[in-house]
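# Quick one, structure for this:
(one chain, ligands or ions: 1)
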Amino acid sequence: MKRKDILGLYELEAEEIDEILSVGMSMKKLLLQNIKRLPHLQGRSVTTLFYENSTRTRSSFELAAKYMGAHVLSISVATSSVQKGETLVDTGKTLDAMRNDVMIIRHPVGGAPRLLAKTVKAHVINAGDGMNEHPSQALLDMLTMQENLGHIAGLKVAIIGDILHSRVAKSNLYGLTKLGASVSMYAPRTLMPTDIDKMGAKVCSSREEAVEGADIVMGLRIQLERQHAGCFPSLGEYAKYYGVNEEIMKYAKPGALVMHPGPVNRGVELTSGLIDGETGRIEEQVLSGIAVRMAMLFLLTKEEVA
Ligand code: CP
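Presented below is the predicted three-dimensional model:
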């Protein structure tokens, strides 16, 4: 990989995505053998800088870096000088002065990782920026699909839920279509971005249409923190009309996989039966997350490793 930063799948070439998935698959095989001591990042320092809450993304980037031998620094924005008014640019410059090799940032404002990347010498990875992109999540989703189904090209993926506020849906759309999958989307009209069809999505007028013949059905978290006005009447109605349940899954291919980026609102976006059932892949997605983040860290820094 030749680029300095990974800011989104919109700008990654298909070959770069393939390379990350291929290395990610090798990393996952090692993790499945419980191998957690690798030399790829020895002598490197990796900092996580999260301006928003996270369980999965932050811990899995940190474990990925530690498993490959990096020094890992976790900046807690709530107790950092950000609270004294320090800007993102100045925080970045400070971390750069400490000779950090990689900065992993999550920020509520779309474009913040790009601003950081322009400011610092360190590699920057976007761990989710506002409603824009969440590239590592889409890559781990794609790794899980490839591992289970053997390929991405030709797959039909249905994404149901709050598409408007979802950076996961957008990164998946860019990545999956670049690798030859088709993506159908269904959401309440208030939660469907205009013109997403121009980005390659098939916008559907019912859940049934979206799920028909799908290999994978992905639910999305309702992002209440990003909704400034009521976009649907109640959680009960959302579950009834926009949730993924056993009845809707009958329209998908037999054995179709059920995925979700997490955290899940059980019984709203997905039924518990689907989350914990045979076709649910949510826990597997979590392990794929460490593997794909190991691949991202390795590929970004490997030219510099002697
Ligand atoms: N999927 C995801 O981004 O989860 P976290 O918010 O827990 O990191």
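# interface residues of the stretch 201-306 of the chain facing the ligand?
Within the stretch 201-306 of the chain, the positions adjacent to the ligand are 261, 262, 263 by C-beta under 6 Å from any ligand atom. To be clear about C-beta, it is placed using only N, CA and C from the backbone, and glycine gets the same treatment.
# Residues contacting the helix or strand hosting residue 248, please?
Secondary structure assigned from DSSP states H and E places residue 248 in helix 246-249. Contacts with helix 246-249, where a contact means C-beta atoms under 8 Å, 6 or more residues apart in numbering, come from 207, 208, 211, 217, 256, 258, 271, 273, 274, 279.
# Would you format the residues you listed as TSV with secondary structure, pLDDT and neighbour count included?
Formatted as TSV, the contacts of helix 246-249 follow (DSSP: H, G, I helix; E, B strand; the rest coil; pLDDT from 0 to 100; neighbours: other C-beta atoms under 10 Å):
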residue	secondary structure	pLDDT	neighbour count
207	helix	97	21
208	helix	97	13
211	helix	98	23
217	strand	98	28
256	coil	98	21
258	strand	98	22
271	coil	97	21
273	helix	98	13
274	helix	98	24
279	coil	98	16
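# Between all of those, which two are at the greatest distance?
The most widely separated members of the contacts of helix 246-249 are 208 and 273, with 18.9 Å between them, by C-beta to C-beta.
# Output the contacts of helix 246-249 in TSV; the columns should cover distance to residue 233.
As requested, these are exported to TSV (distance: C-beta to C-beta, whole Å):
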residue	distance to residue 233
207	17
208	21
211	23
217	24
256	29
258	25
271	20
273	25
274	23
279	30
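# Return the closest of these with respect to residue 171.
Comparing every one of those with residue 171 (C-beta to C-beta), the shortest separation belongs to residue 217, at 17.6 Å.
# Enumerate every residue touching the closest one.
With C-beta under 8 Å, 6+ apart as the criterion, the residues that contact residue 217 are 157, 158, 160, 211, 244, 248, 249, 252, 256, 257, 258, 259.
# The residue lying closest to the fourth one once chain neighbours are set aside: what's it in contact with?
This points to residue 211. Beyond its immediate neighbours in the sequence, the residue positioned closest to residue 211 (C-beta to C-beta, 6 or more residues apart in numbering) is residue 251, lying 4.4 Å away. With contacts defined as C-beta under 8 Å, 6+ apart, residue 251 is in contact with 207, 208, 211, 212, 213, 214.
# I'd like the distance between residue 291 and the ligand.
Computed with C-beta to the nearest ligand atom, to the nearest Å, the distance linking residue 291 and the ligand is 15 Å.
# And that residue, its phi and psi?
When read as degrees, to the nearest 10, the backbone of residue 291 gives phi -60, psi -50.
# mind checking pLDDT for it?
The predicted local distance difference test score for residue 291 is 98.
# So, low pLDDT: which residues of this protein?
Segments of the chain classed as low confidence (criterion: pLDDT under 70) are 224-230, 304-306.
# domain ranges for it?
Partitioning the chain according to automatic domain parsing yields domains covering residues 14-133+286-305, 135-281.
# Would you tell me which of the ones you listed gets closest to residue 1?
Each of the domains of the chain has some distance to residue 1 by C-beta to C-beta; the shortest is domain 14-133+286-305, at 4.2 Å.
# so residue 65 is in which element?
Using DSSP H and E, the element containing residue 65 is helix 56-67.
# If you count contacts, what does that helix end up packed against?
For helix 56-67, the packing partners by 3 or more C-beta pairs under 8 Å, 6 or more residues apart in numbering; DSSP states H and E come out as strand 45-50, strand 71-76, strand 102-107, strand 123-129, helix 135-149, helix 282-301.
# Which residues of the stretch 51-200 of the chain lie near the ligand?
By C-beta under 6 Å from any ligand atom, the part of the stretch 51-200 of the chain that sits against the ligand consists of 54, 55, 56, 57, 128, 137.
# which one of those residues has the most neighbours?
residue 128 (27 neighbours; other C-beta atoms under 10 Å).
# if you skip the residues just before and after it, what's nearest to residue 164?
The shortest distance from residue 164 to any non-neighbouring residue, by C-beta to C-beta, 6+ apart, is to residue 191 (4.5 Å).
# Surely the one you found touches residue 161?
Yes - between residue 191 and residue 161 a contact is recorded at 7.4 Å, counting by C-beta atoms under 8 Å.
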